[in-house]
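Asks: Model the structure of this input:
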Amino acid sequence: MPRPIAVILFSLAIGGLFALTRDRTTRTAGALWLPVIWLALAASRSVAQWMEVFGLGGGISFTAEGQYLEGSPFDRAVYLALTVCGLVVLLARRRRLGIVLRANVPILLFFFYCAVSIFWSDFPDVAFKRWIKALGDLVMVLVVLTDLDPVAAFKRLFSRVGLLLLPLSVLLIKYYPEWGRSYHPDVGFWSATYTGVTTSKNLLGMTTLVFGLAFWWLFLQALQRRKDRRRRALLLVYGASLVMVIWLFRMAQSATALACFVLGAGLIAFAGLSKRGRRPAMLHLLVLGALVIPLFALFGPYGGGLLGMLGRDATLTGRTDIWRLALDMRGNALVGRGFDSFWLGWRLLKVQNVYRFQLQEAHNGYLEIYLNLGWIGIVLLAGLVITGYRNVLRAFRRKSEIASLMLAFFVVAMIYNLTEAGFRTQNPMWIVFLVATLAIPRVSMRPGWKAKRVQDSKPQPAHDQLAGVGSPQEAI
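Replies: Here you go, the predicted structure:
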């Protein structure tokens with residue numbers, strides 16, 4: 001098929017998918033487009049890289065250390081503008097924001113310590129810029145959570161981004177291989193990997209994992225609503241999206257992402273469709289089993305067979321060698337090298353002398369936290385995990401319809417970070433981890449603004465629905 005025709009057909013298909021999922025009975029704030037843009041960039045390419053794809057210039061080369069340190073000024077301006085706009089929105093919602101922040105002290109402590117650690121970084125200016133971008137992750141999640149209808153905002157966030165990125169990945173892989181694929185020197189030949197809208201096969205696997213779980217949850221939600229007039233259309237859209245997810249997993253060849261998807265999809269189905277699966281004792285058992293099995297497969301004495309089934313060897317495709325090399329350069333064990341500062345300077349040069357490619361992560365999220373923030377960072381992360389799991393259980397007790405997706409995102413993030421660095425700035429896995437673990441207190445709904453905005457909508461169960469809105473300004 002000629003490229004222009006493929007672009008036209010895919011554009012029509014994407015437009016049709018968006019039209020079929022449009023829900024006139026539910027309204028979300030226009031500010032939701034800020035996290036939509038943010039997540040779309042985090043799950044694909046930076047603005048400068050997209051400009052390069054479209055022939056507009058401004059692409060970044062990550063082969064030069066100076067460019068890696070400074071990044072793109074254009075990207076920095078875009079992310080800063082989005083963050084400032086998000087802060088303006090949150091300022092208008094300050095009453096709800098105050099309630100949310102008081103309920104999430106652990107995440108505030110974590111971000112505060114990240115800011116403090118900038119002072120002992122080898123590159124404090126670079127660390128500060130990266131911390132501002134990390135703050136943007138939190139701001140965008142808070143914009144979603146402080147919406148008048150957080151559940152509808154969650155649905156539209158993942159639906160809008162997923163319905164755009166997944167078809168575009170298929171388009172780039174099939175018809176634009178110069179952008180949808182990458183080639184690396186192997187033993188005697190060049191091997192191809194498929195990247196789609198992203199810049200690496202691992203990121204494509206992560207993107208497919210995140211939106212695959214979201215669409216599986218949305219598919220099951222639509223399946224249970226037998227009286228909904230839009231049920232067939234939604235099943236068609238989400239079913240087609242899952243077909244693309246399966247195809248992209250096959251192309252990405254990311255064993256970690258695929259295993260996490262199978263596990264997360266099982267958790268969503270069991271906890272979302274079965275009353276027994278929502279009982280606290282059963283949830284504890286599910287989470288325990290979901291965490292123990294991967295740990296045994298990766299680090300147990302008899303886990304080699306399971307790794308072989310996933311196409312991995314005992315070194316986890318060289319990851320254990322990377323871990324040893326990184327630990328040799330770890331610095332102060334208590335406080336680490338400073339926020340997002342480990343893979344900089346002489347450490348980056350040393351790694352380049354060992355590997356033919358430029359390594360920028362430890363391929364283990366927990367080790368990444370330890371290298372940058374030390375044991376204090378690990379303790380603060382543990383606090384996030386404990387309070388996050390408590391918030392997931394609270395969502396089940398309140399019979400929130402998003403509880404099963406929160407559980408899947410939480411467990412998958414824990415497992416994914418065993419072999420990939422997902423607890424990083426502007427990383428899709430880090431963003432969904434924040435979505436799953438942040439708590440929103442339940443407060444009574446004042447009659448007024450929301451009821452006027454959504455007169456025909458039926459009451460929807462929400463994840464710890466916020467209220468107390470007294471003016472249109474707070475509905476931004």
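
Asks: Please enumerate the helices of the stretch 351-476 of the chain.
Replies: In the stretch 351-476 of the chain, the helices defined using DSSP state H, counting those that start in this stretch lie at 365-397, 403-416, 428-437, 449-453.

Asks: and if you look at the stretch 151-300 of the chain?
Replies: Using DSSP H, counting those that start in this stretch, helices in the stretch 151-300 of the chain cover 177-180, 201-224, 231-252, 255-273, 280-299.

Asks: So which of the helices of the stretch 351-476 of the chain is nearest residue 246?
Replies: Closest approach to residue 246 among these is made by helix 403-416 (17.0 Å; Cβ to Cβ). Bear in mind the C-beta positions are built from the backbone N, C-alpha and C, glycine included.

Asks: So which elements touch the closest one?
Replies: The contact analysis (3 or more Cβ pairs under 8 Å, 6 or more residues apart in numbering; DSSP states H and E) places helix 403-416 against helix 201-224, helix 255-273, helix 280-299, helix 365-397, helix 428-437.

Asks: Save these as JSON lines, and put in mean pLDDT, mean neighbour count and distance to residue 42 too.
Replies: Converted to JSON lines, the helices and strands packed on helix 403-416 look like this (pLDDT from 0 to 100; neighbours: other Cβ atoms under 10 Å; distance: least, Cβ to Cβ, whole Å):
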{"stretch": "helix 201-224", "mean pLDDT": "93", "mean neighbour count": "24", "distance to residue 42": "9"}
{"stretch": "helix 255-273", "mean pLDDT": "89", "mean neighbour count": "21", "distance to residue 42": "16"}
{"stretch": "helix 280-299", "mean pLDDT": "81", "mean neighbour count": "15", "distance to residue 42": "24"}
{"stretch": "helix 365-397", "mean pLDDT": "92", "mean neighbour count": "19", "distance to residue 42": "16"}
{"stretch": "helix 428-437", "mean pLDDT": "92", "mean neighbour count": "24", "distance to residue 42": "5"}
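
Asks: can those go into JSON lines with extra columns for distance to residue 136?
Replies: As requested, those are exported to JSON lines (distance: least, Cβ to Cβ, whole Å):
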{"stretch": "helix 201-224", "distance to residue 136": "18"}
{"stretch": "helix 255-273", "distance to residue 136": "24"}
{"stretch": "helix 280-299", "distance to residue 136": "30"}
{"stretch": "helix 365-397", "distance to residue 136": "18"}
{"stretch": "helix 428-437", "distance to residue 136": "10"}
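
Asks: Out of these, the one nearest residue 148 is which?
Replies: helix 428-437 (17.3 Å).

Asks: And the closest one, what does it pack against?
Replies: Using 3+ Cβ pairs under 8 Å, 6+ apart: helix 428-437 touches helix 33-42, helix 124-145, helix 201-224, helix 365-397, helix 403-416.

Asks: Make CSV out of those and add distance to residue 112.
Replies: Formatted as CSV, these follow (distance: least, Cβ to Cβ, whole Å):
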stretch, distance to residue 112
helix 33-42, 22
helix 124-145, 11
helix 201-224, 27
helix 365-397, 9
helix 403-416, 22
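
Asks: who wins for proximity to residue 87 among the ones you listed?
Replies: Of all the helices and strands packed on helix 428-437, helix 124-145 comes closest under Cβ to Cβ, at 6.0 Å.

Asks: Pull out the buried positions in the closest one.
Replies: For helix 124-145, the neighbour count (16 or more other Cβ atoms under 10 Å) marks 124, 126-127, 129-131, 133-145 as buried.

Asks: What of stretch 100-118?
Replies: For stretch 100-118, the neighbour count (16+ other Cβ under 10 Å) marks 100, 103-104, 106-107, 110-111, 113-115, 117-118 as buried.

Asks: My guess is residue 108 contacts residue 101. True?
Replies: Yes: judged on Cβ atoms under 8 Å, residue 108 makes contact with residue 101 at a distance of 6.5 Å.

Asks: Quick check: nearest residue in space to residue 93, chain neighbours excluded?
Replies: Nearest non-adjacent residue to residue 93, counting by Cβ to Cβ, 6 or more residues apart in numbering: residue 146, 4.7 Å away.

Asks: Now for the most centrally placed residue in the chain: which residues touch it?
Replies: The residue lying closest to the centre of the chain (Cα atoms, centre = their mean) is residue 428, at 2.2 Å. Applying Cβ atoms under 8 Å, 6 or more residues apart in numbering, we find residue 428 in contact with 39, 42-43, 206-207, 210.

Asks: Contact partners for the residue lying closest to residue 434 once chain neighbours are set aside?
Replies: Spatial nearest neighbour of residue 434, chain neighbours left out: residue 141 (4.6 Å); criterion: Cβ to Cβ, 6+ apart. Counting by Cβ under 8 Å, 6+ apart, residue 141 touches 35, 431, 434-435, 438.

Asks: Pick out the most distant pair among the buried residues of stretch 100-118.
Replies: Counting by Cβ to Cβ, the most remote pair of the buried residues of stretch 100-118 is 103 and 118, 26.5 Å apart.

Asks: how distant is stretch 215-225 from the center of its chain?
Replies: 20 Å (Cα atoms, centre = their mean, to the nearest Å).

Asks: what's the neighbour count on residue 351?
Replies: If you count neighbours by other Cβ atoms under 10 Å, residue 351 ends up with 18.

Asks: measure the nearest residue to it once chain neighbours are set aside to residue 285 for me?
Replies: Nearest residue to residue 351 in three dimensions, chain neighbours excluded: residue 359, at 4.7 Å (Cβ to Cβ, 6+ apart). Using Cβ to Cβ, to the nearest Å, residue 359 is found at 38 Å from residue 285.

Asks: now do residue 102
Replies: 32 Å.

Asks: returning to that earlier point: and the helices and strands packed on helix 403-416: which comes nearest residue 231?
Replies: That would be, of the helices and strands packed on helix 403-416 and by Cβ to Cβ, helix 201-224, which comes in at 5.7 Å.

Asks: Could you export the closest one as PDB, CA atoms only?
Replies: What follows is helix 201-224 as a C-alpha-only set of coordinates in PDB (Å, rounded to 0.1, in the frame of the first residue of the first chain):
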ATOM      1  CA  LYS A 201      12.000  -1.600  21.700                       C
ATOM      2  CA  ASN A 202      11.900  -1.600  25.500                       C
ATOM      3  CA  LEU A 203      10.100   1.700  25.500                       C
ATOM      4  CA  LEU A 204       7.700   0.300  22.900                       C
ATOM      5  CA  GLY A 205       7.100  -2.700  25.100                       C
ATOM      6  CA  MET A 206       6.400  -0.400  28.100                       C
ATOM      7  CA  THR A 207       4.000   1.800  26.200                       C
ATOM      8  CA  THR A 208       2.200  -1.300  24.800                       C
ATOM      9  CA  LEU A 209       2.100  -2.700  28.400                       C
ATOM     10  CA  VAL A 210       0.600   0.400  30.000                       C
ATOM     11  CA  PHE A 211      -2.100   1.000  27.300                       C
ATOM     12  CA  GLY A 212      -2.700  -2.700  26.900                       C
ATOM     13  CA  LEU A 213      -3.700  -3.000  30.500                       C
ATOM     14  CA  ALA A 214      -5.900   0.200  30.300                       C
ATOM     15  CA  PHE A 215      -7.700  -1.100  27.200                       C
ATOM     16  CA  TRP A 216      -8.200  -4.500  28.700                       C
ATOM     17  CA  TRP A 217      -9.800  -2.900  31.800                       C
ATOM     18  CA  LEU A 218     -11.900  -0.700  29.600                       C
ATOM     19  CA  PHE A 219     -13.000  -3.700  27.500                       C
ATOM     20  CA  LEU A 220     -14.100  -5.600  30.700                       C
ATOM     21  CA  GLN A 221     -15.900  -2.500  31.900                       C
ATOM     22  CA  ALA A 222     -17.800  -2.200  28.700                       C
ATOM     23  CA  LEU A 223     -18.500  -6.000  28.700                       C
ATOM     24  CA  GLN A 224     -20.300  -5.700  32.000                       C
END
